[in-house]
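# I need the structure of the sequence given here:
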Amino acid sequence: QVQLEESGGGSVQSGGSLRLSCVASGFTYSTGWFRQAPGKEREGVACISQPDGTAYVADSVKGRFTISADNAKNTVYLQMNNLEPEDTAVYSCATPCSVVDGVGALGPEAGFGSWGQGTQVTVSS
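Numbers count the residues shown, from 1 in each chain. A predicted model of the protein is given here:
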């Protein structure tokens, strides 16, 4: 089973930027970024199909966040610009991911994929 490791989280002020990285131990067909803030449900932020680069980004972050992949490095990135306090959460990557109309990005069902350990992003006003 592929193992994932995130990095790049941290604390920034409102309007700042961070780039998260998700490094996989092997080939992944699709990888997504998800976030969960305290007291809130997990939200699918973005999902990318790595063979062709087709990407989905949630409306809540569209225009500010970009997902990309470097398949040679087995790495998926989440570039986050113009961060807002509402973006504060633990960000995790997972493989595979899927996009469902009306629902958004979904991660793997239990036992059918991998999740990283998560990285904290804190945005102060």
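# Only C-alpha atoms from now on, for both contacts and neighbour counts.
Noted.
# Give the rounded mean pLDDT of stretch 21-40.
Across stretch 21-40, pLDDT averages out at 96.
# Nearest spatial neighbour of the residue positioned nearest the centre of the chain, chain-adjacent residues omitted?
What sits nearest the mean C-alpha location of the chain, by Cα atoms, centre = their mean, is W33, with 1.7 Å. Spatially, and ignoring its direct neighbours in sequence, W33 is nearest to C93 (4.4 Å; Cα to Cα, 6 or more residues apart in numbering).
# Just confirm L78 contacts D70, I think it does.
No - using Cα atoms under 8 Å, L78 makes no contact with D70, being 11.6 Å away.
# between those two, which one's more packed in?
For L78 versus D70, neighbours defined as other Cα atoms under 10 Å are more numerous around L78 (23 against 12).
# For the more buried one, which residues are in contact?
Contact analysis of L78 by Cα atoms under 8 Å, 6 or more residues apart in numbering lists R19, L20, S21, W33, F65, T66, I67, S68.
# Could you do Q1 as well?
Listed by Cα under 8 Å, 6+ apart, the contact set of Q1 reads G113, S114.
# So the residue nearest to W33: helix, strand or coil?
strand (DSSP: H, G, I helix; E, B strand; the rest coil).
# Ok, E86 next?
With three-state DSSP as the basis, E86 sits in helix.
# can you pull up the bridge partners for the residue nearest to it when sequence neighbours are not counted?
Once flanking residues are discounted, E86 sits nearest to V123: 7.6 Å by Cα to Cα, 6+ apart. Following DSSP bridges, V123 is listed with bridge partners V12.
# how much space between V123 and L78?
Remark: distance between V123 and L78 (Cα to Cα, to the nearest Å) = 16 Å.
# Repeat that for G113.
As judged by Cα to Cα, G113 and L78 stand 20 Å apart.
# what do you get for S68?
Separation of S68 from L78 (Cα to Cα) stands at 7 Å.
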